[in-house]
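Colleague: sequence first, predicted model second:
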Amino acid sequence: MGPLIVIVALFALTWFLLIRPQRQRQVAQANLIANLAVGDEVLTAGGFFGHIEAIGEDDLTVRIAPGTNVRVDKRAIARVIPEEDEEDGIDGEIESGAALDEGQERDSAGAIPR
């Protein structure tokens, strides 16, 4: 009876540490894909940020730059970017290059002094 308890305990431990979290991630990804809408800002698995322009059966058309649309498989969407992130100035730091440290200023050419 002792070895049987050890086997059952190992199976339960494996279930709670490996199988259950993986299933939760799968359900979360399926919900993310099911709730995509035109106009959402998304991050692809390849690292591209863009806005959804059209939704097909298995793919999306994503605008990654003005006049540049790419076709992406729905499963390649890593996450949807919430609108409040855009308002916090995250995009401004990316577009302007490196962020300035406190008290640091750009020189006349716009470069950050070292």
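Modeller: Alright, I've got the coordinates.
Colleague: alpha carbons only for contacts and neighbour counts from here, please
Modeller: OK.
Colleague: where in the protein is the helix or strand with the lowest mean pLDDT?
Modeller: helix 90-95 (a mean of 48; mean pLDDT, DSSP states H and E).
Colleague: how many neighbouring residues does N35 have?
Modeller: 10 (other C-alpha atoms under 10 Å).
Colleague: heads up, I number from 5, so please use that
Modeller: Noted, 5 is the first residue going forward, which turns the last one into N39.
Colleague: and it, backbone torsions?
Modeller: With angles defined as degrees, to the nearest 10, N39 sits at phi -100, psi 10.
Colleague: state the distance from it to E45.
Modeller: N39 sits 13 Å away from E45, going by C-alpha to C-alpha, to the nearest Å.
Colleague: helix or strand: which one has the residue nearest the centre of the chain?
Modeller: Taking C-alpha atoms, centre = their mean as the criterion, R83 is the residue nearest the geometric centre of the chain, at 3.2 Å. Using DSSP states H and E, R83 sits in strand 81-84.
Colleague: same question, I9
Modeller: helix 6-18.
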